[in-house]
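Trainee: Mind looking at a prediction? Sequence and model below.
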Amino acid sequence: MHRLTQILGAILALAFALAPVAPARGATAAPLTLDALVNGANIVAYARVAGTHAFWDAATGTIWTATQLAVLDSAKGQVATSLVVAEPGGVVGDIGHLFPGVPRFTLNQEVVVFLYQGPGDRLRVLGLWQGVYGVSVDSATGDRMARPMVAQAEPVYQNGHAPASATSSAPAGTRRLSDLLFWIREKSR
């Protein structure tokens with residue numbers, strides 16, 4: 001029986017390690033507008049993923065993954081040339097911990113991240129996957145484009161009125177990276 005448990009644990013760990021990196025749609029988080037992400041973040045940076053490593057955290061009794069980011073540009077906050085973002089979940093040995101909705105990054109991935117200072121002096125992503133914009137090059141124009149990793153929430157109207165967040169001046173959806181960073185800098189003044 002113990003051997004079967006070990007084998008099943010190894011299979012589960014392998015499944016977590018090989019699972020594609022994509023936003024978990026089942027995670028629950030309050031919808032955040034781009035305005036709310038900018039206002040709530042201590043740091044907003046455009047960065048390239050330089051590496052990740054998972055580790056056991058004695059304080060929380062769970063596995064965490066630290067992601068090293070090489071900062072290419074910053075739009076808000078005091079930012080060094082590199083940052084370490086820590087999020088719960090990951091695989092250590094044959095044990096995996098999964099937290100739906102928590103961002104996972106891949107080597108050399110370019111992102112704009114909205115970060116806050118969490119407990120234990122850890123930088124965390126604000127709003128789960130909502131706080132990550134993927135960056136890619138538009139093949140037609142050569143421009144770097146930033147797009148939300150999850151679709152932006154639609155406003156919910158009550159009594160015929162949109163909430164204040166629905167009237168945001170923020171640009172929506174995919175946009176040029178330079179425009180997004182400029183808008184964030186202006187909003188952060």
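Mentor: Received the coordinates, thanks.
Trainee: what's around residue 58, how many residues?
Mentor: 7 (other Cβ atoms under 10 Å). No exception for glycine: its C-beta is placed from N, CA and C like everyone else's.
Trainee: right, I mislabeled it, should have said residue 62
Mentor: What residue 62 shows, counting by other Cβ under 10 Å, is a neighbour count of 14.
Trainee: Could you find the closest non-adjacent residue to it?
Mentor: Among residues not flanking residue 62 along the chain, residue 97 sits closest, at 5.3 Å (Cβ to Cβ, 6 or more residues apart in numbering).
Trainee: Which strand residues bridge the one you found?
Mentor: When bridges are called by DSSP bridges, residue 97 pairs up with residue 90.
Trainee: Wait, it touches residue 88, no?
Mentor: Yes - with contact defined as Cβ atoms under 8 Å, residue 97 reaches residue 88; the gap is 6.9 Å.
Trainee: Between those two, tell me which one has more neighbours.
Mentor: residue 97 (20 against 16).
Trainee: Which of the three states applies to residue 180?
Mentor: At residue 180 the chain is in helix, as set by DSSP: H, G, I helix; E, B strand; the rest coil.
Trainee: May I have the residues that are in contact with it?
Mentor: 75, 112, 133, 146, 171 (Cβ atoms under 8 Å, 6 or more residues apart in numbering).
Trainee: Quick check: bridge partners of the closest residue in space to residue 64 that isn't next to it in sequence?
Mentor: Using Cβ to Cβ, 6+ apart and skipping residues adjacent in sequence, the residue nearest residue 64 is residue 57, 4.8 Å away. Counting by DSSP bridges, residue 57 forms beta bridges with residue 62.
Trainee: coming back round to it: with respect to residue 123, which of the contacts of residue 180 is nearest?
Mentor: residue 112 (14.3 Å; Cβ to Cβ).
Trainee: part of a strand, is the closest one?
Mentor: Yes - using three-state DSSP, the assignment for residue 112 is a strand.
Trainee: Just give the nearest non-adjacent residue to it, would you?
Mentor: Closest to residue 112 by Cβ to Cβ, 6+ apart is residue 133, at 4.1 Å.
Trainee: Specify the beta-bridge partners of that neighbour.
Mentor: Where residue 133 sits in a bridge, its partners, by DSSP bridges, are residue 112, residue 148.
Trainee: And for it, the neighbour number?
Mentor: What residue 133 shows, counting by other Cβ under 10 Å, is a neighbour count of 24.
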